[in-house]
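Asker: Build the 3D model from these lines:
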Amino acid sequence: MSSKFESRSRMFRTGVAGLAVAAGTAGLTGLSGPAHAVASTLYVENVPGHLAGGQYHSLLISDLAQDGVNEVYATGDNGYGQLGNNTSGGQSTTLVKVHSLSGVKNVSAGGAHSVAVKADGTVWAWGLNDKGQLGNGTTVDSKVPVKVPGIANAVAAVAGESSVLVILSNGTAKSWGQLNASCAASTTPVTVAGLTGIATKVGAAAVGWRHAVVALADGTAKAWGDNNSGQLGTGNTTGSCSPVTVAGLTGVTQVSAKGSHTLARISTGTAKAWGSNHGGQVGIGTTNPTTVLSPTTVPGLTGVASVSAGYVHSMAVTDSGSTPALKVWSWGSGAFGQLGTGSTSISTSPVAAAGTNITGTILEAGYYHVLTTNASQIPEAWGMGGSGQLGTGDENQRNTRTDILSPEPLR
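Answerer: Residues are numbered from 1 along each chain as shown. Sure, this is the predicted structure:
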């Protein structure tokens, strides 16, 4: 084991015993090892799904400790318990620990709810539940994670505005909440009919405002739901209550959506975009047309390693072999500083976000903010901060990358 990992693991344990008491419970459940005190420096593994940006809140998974234990943290709006720390109402401008949740391999943040997939394949959700987005058969909100019944083979989960879509290890999917594949709401998981062969990895599914998209293992993509802005990529604006093939796409390795547009990363290192373009979020150099009905290559980007869609903006990271290497690119609305360029201007073409010291290709766009990590695996954020979703200790907007504050060590 490397000395760097050992050093980080020692820092992870920095603090005082008594986490269970400090967390407000006599004994944490769901932990795969002994409780840990919060680190004085928080590291985040450079793994897709370890950062998540919702509408007004954010989630992250801590670095993995030597015994396999990790922790989930949240910051931002908590009006419906979406921070998962056994409270509801108000907000937090710094990271708080999600109650009784460890062994987590990916997280996702929606409109006002959160979801996590554990290493054992179970799915846990918390927060707003008015449309059944917690999947537990009720419409009662929860301020702590609750187990979604009937799922033990989940690979990845993604939260939409009021729904959840989960990829299963057999290449199928289940959904619940306001948007499922039959255009009807459901408070329990429903199999997406007629959909098989989904790529079984984080990034192979995305949910926008009222549509969903998945990448298949054969490199094609399917989508369903609302299509008023062409976000299904079928060449028209006809919605579909069952999965339809996205036109002309091959080599798809990742998909992303938040609002009414969709992004795809192609195996050749290019990015495709389609759907609503009123803020320039498709990246074609203009806002005319305001809707792009079929996948279109985003000009000027090569060596794309990952993409992430915000509500009216888009992000990409180029890989270590590109020029410049490991660079964050953004386009669309910058009204809240979410492009990371230091300004609040709209850009209809990709522009480089300020700073170059990123690590890997982990990037997650929230609705109006963005999360990533720096070269030391310390999480960073920028964009809208009015609900504390940046985790910077205040409610200020940030127009360039800013370190997320580590949680205070427990005393």
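Asker: all contacts plus neighbour counts: C-alpha atoms, from now on.
Answerer: Noted.
Asker: Count the neighbours of residue 335 for me.
Answerer: When neighbours are counted by other C-alpha atoms under 10 Å, residue 335 registers 18.
Asker: oh sorry, the question was meant for residue 321
Answerer: Using other C-alpha under 10 Å, the number of residues around residue 321 comes to 12.
Asker: Without its sequence neighbours, what residue ends up closest to it?
Answerer: Once flanking residues are discounted, residue 321 sits nearest to residue 303: 6.8 Å by C-alpha to C-alpha, 6 or more residues apart in numbering.
Asker: May I have the phi/psi pair for the one you found?
Answerer: phi 60, psi 30 (degrees, to the nearest 10).
Asker: Repeat that for the one 4 residues further on.
Answerer: Dihedral angles phi and psi of residue 307 (degrees, to the nearest 10) take the values phi -130, psi 160.
Asker: Distance-wise, check it relative to residue 112.
Answerer: Look at residue 307 and residue 112: by C-alpha to C-alpha, to the nearest Å, they are 23 Å apart.
Asker: Tell me which of the two has more neighbours.
Answerer: residue 307 (32 against 25).
Asker: The more buried one against residue 318, yeah?
Answerer: No - taking contacts as C-alpha atoms under 8 Å, residue 307 lies outside contact range of residue 318: 9.2 Å.
Asker: circling back: quick one: residues contacting the residue nearest to residue 321.
Answerer: For residue 303, the contact set (C-alpha atoms under 8 Å, 6 or more residues apart in numbering) comprises 268, 269, 270, 318, 319, 321, 322.
Asker: now residue 242: how far from residue 195?
Answerer: Counting by C-alpha to C-alpha, the gap from residue 242 to residue 195 is 9 Å.
Asker: no no, residue 79
Answerer: Distance from residue 79 to residue 195, by C-alpha to C-alpha: 35 Å.
Asker: again with residue 365
Answerer: Distance from residue 365 to residue 195, by C-alpha to C-alpha: 27 Å.
Asker: residues contacting residue 71?
Answerer: Residues in contact with residue 71 (C-alpha under 8 Å, 6+ apart) are 61, 62, 63, 97, 98, 101, 102, 103, 104.
Asker: burial measure for the nearest residue to the first one once chain neighbours are set aside, as a count.
Answerer: In other words, residue 61. Nearest residue to residue 61, sequence neighbours excluded (C-alpha to C-alpha, 6+ apart): residue 72, at 4.6 Å. Counted by other C-alpha under 10 Å, the residues lying close to residue 72 total 27.
Asker: Could you double-check that residue 72 lies in contact with residue 97?
Answerer: Yes - using C-alpha under 8 Å, residue 72 is in contact with residue 97, at 6.0 Å.
Asker: Residue 400 belongs to a strand?
Answerer: Yes - applying DSSP: H, G, I helix; E, B strand; the rest coil, one finds residue 400 inside a strand.
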